[in-house]
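> this one's structure only:
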């Protein structure tokens, strides 16, 4: 029998996700790492490589002997940005700032570039989207001129690294990472391979030089950062720049931070002269009035660790169509629908044939459940045309059974409301330590909340209109010689079962009575 010849197995093709870089042994329709569809592509056989041990750049030392002073954060000159970063920019750190077009990313970072530039730490601002003259015009408008701020307009990675070699900056700002391309790779700027190569080269340069780097990133229609998911893993800090382009408020949230907490939020106000940080932004979310009006209620929301007082408004009108409208602005529609069902079922407020509009003030978006109680009270106030006291805040989550649940940070919220001059609050049971001089009413369910609103009831249990009509009816009966009808028997059910009747009898308190 002839000997069997030995064949060499062909290398099997390999596959890689262009979104996150995950390598797979076979093709699949959806990447199991990032769950993106249609992003797995074949890129050739995986070569078998072995790496021999080589020289080390520095010997390993016990962690207690490593000097931590070289990684001390340096202020950017913008306190609100420093708050989110955890104190400032750490030398060698790479920060990715992503946001929608027109939100103010370039304006903010140009202001940071000018304020952070000093004689010892120069700043290099590289733009790949605008010309140098356009950036200069914006710098004149926002007064962001400094002799230690260097500006370059480049779209090639090699040229950017050349500017870094020539200037030797302590801070590099690149606007944006999707507009820079490497000549050594094929593909248009912004592609997964180009973004990965540009990010890796800049991160390597930042670590070697101890240079802080701020990268501007684009976002997709879904709000995700454009480019491979690997970009978020490579950088040290990921910040999200949010805001409605029709409103003045801008928020910076920490998504990832290797040097601090991710629950901090920076607040900014956008105006003609640029972007200004807001140390106390609650005034943007409130409406100043001489006297309270129906359909408004105040609450305290937490943006990260920062408490913000916000105003919720509700308007109810008779519907002219078979299916009443339910319109929201700044609030989540599914949650508003749930709150309306709870108010009607457990609060006794009839809402079926009413068009209901709910909104927030100042462009703020309230997504946490702590605003549920304020929405419910605003709806009830609009339904009965009864203003709530202007010095009242409502905090609590409303459940489907009508219960008012606890939320996180109640003490911090109450302290912020007390600091701004509010004297009354409706909160869930067991709120913890209450600020001195503040009256806090604990409510267990939505019925208690509707009855606990500071106010006085009229002497009659029925509305005045019904009482006058009944009196007129009795007088006419006596004039005809008939005996007046007997008054209806009192209800045997407890008062708590009829919160709508109590709502009809309330009147707003004056400020002197509330004190």
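Structure received. On a predicted model such as this, the values are computed, not experimentally measured, just so you know. Residues are numbered from 1 along each chain as shown.
> use CA for all of it now, contacts and neighbours both
Noted.
> low-confidence ranges in the chain?
1-13, 44-50, 453-515 (pLDDT under 70).
> all helices of it, in order?
In the chain, the helices defined using DSSP state H lie at 79-85, 105-116, 132-142, 157-167, 192-209, 230-234, 333-346, 372-384, 410-419, 446-451, 464-479, 499-504, 511-514.
> List the buried residues in stretch 162-173.
Residues 163, 164, 168, 169, 170, 171, 172, 173 are the ones in stretch 162-173 that count as buried (16 or more other C-alpha atoms under 10 Å).
> ok, longest strand in this protein?
strand 306-318 (DSSP state E).
> quick one: contacts of that one?
264-265, 281-282, 285-287, 295-302, 353-361, 364, 374-375, 378-379, 382-383, 412-413, 416-417 (C-alpha atoms under 8 Å, 6 or more residues apart in numbering).
> quick one: residue 29 from residue 16, how far?
Using C-alpha to C-alpha, to the nearest Å, residue 29 is found at 12 Å from residue 16.
> Between these two, which has more neighbouring residues?
Using other C-alpha atoms under 10 Å as the criterion, residue 29 and residue 16 rank with residue 16 on top: 21 against 12.
> wouldn't that one be in contact with residue 41 here?
Yes. Contact between residue 16 and residue 41 holds when scored by C-alpha atoms under 8 Å: they sit 5.6 Å apart.
> quick one: contacts of stretch 141-153?
Stretch 141-153 is contacted from outside by 110-111, 113-115, 117-119, 122-128, 130-132, 139, 163, 167, 273-274, using C-alpha under 8 Å, 6+ apart.
> re the thing from before, is it possible to mark the buried ones in the contacts of strand 306-318?
264-265, 281-282, 285-286, 295-302, 353-361, 364, 374-375, 378-379, 382-383, 412-413, 416-417.
> still on that earlier bit, list the ones among the contacts of strand 306-318 that fall in strands.
The members of the contacts of strand 306-318 that map onto strands under DSSP E are 265, 296-302, 354-360.
> Of these, which pair is most distant in space?
265 and 354 (37.5 Å; C-alpha to C-alpha).
> excluding its backbone neighbours, what's nearest residue 168?
residue 122 (7.5 Å; C-alpha to C-alpha, 6 or more residues apart in numbering).
> Residue 415 contacts residue 437, correct?
No. Assessed by C-alpha under 8 Å, residue 415 is found out of contact with residue 437, at 11.1 Å.
> picking that back up, which parts of the longest strand of the chain count as buried, going by neighbours?
Of the residues in strand 306-318, those buried (16+ other C-alpha under 10 Å) are 306, 307, 308, 309, 310, 311, 312, 313, 314, 315, 316.
> Redo those as CSV? Include distance to residue 241.
As requested, these are exported to CSV (distance: C-alpha to C-alpha, whole Å):
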residue, distance to residue 241
306, 17
307, 19
308, 18
309, 21
310, 20
311, 23
312, 24
313, 26
314, 29
315, 31
316, 34
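> now, which of those residues sits nearest residue 203?
Nearest member of the buried residues of strand 306-318 to residue 203, counting by C-alpha to C-alpha, is residue 306, at 31.6 Å.
> any idea how far the closest one lies from residue 84?
11 Å.
> residues touching residue 364, list them.
249, 285, 310, 330.
> Distance-wise, check residue 284 relative to residue 364.
9 Å.
> And residue 246, by the same measure?
From residue 246 to residue 364 the distance is 11 Å (C-alpha to C-alpha).
> Could you name every residue contacting both of those two?
In contact with both residue 246 and residue 364: no residue, using C-alpha under 8 Å, 6+ apart.
> you'd agree residue 270 is up against residue 284?
No. Taking contacts as C-alpha under 8 Å, residue 270 lies outside contact range of residue 284: 11.8 Å.
> For the two, list the residues in contact with both.
Common neighbours of residue 270 and residue 284, counting by C-alpha under 8 Å, 6+ apart, are residue 249.
> pretty sure residue 43 is touching residue 14, no?
Yes. In this structure residue 43 lies within contact range of residue 14 using C-alpha under 8 Å: 6.2 Å.
> Have a look at these two and say which one is more surrounded.
Shown here are residue 43 and residue 14; by other C-alpha under 10 Å, residue 14 has more neighbours (17 against 12).
> Can you give me the distance of the more buried one to residue 41?
On the measure of C-alpha to C-alpha, residue 14 and residue 41 end up 8 Å apart.
> Then residue 291?
Relative to residue 41, and taking C-alpha to C-alpha, residue 291 is found at 65 Å.
> Residue 110 now?
For residue 110, the distance to residue 41 - C-alpha to C-alpha - is 39 Å.
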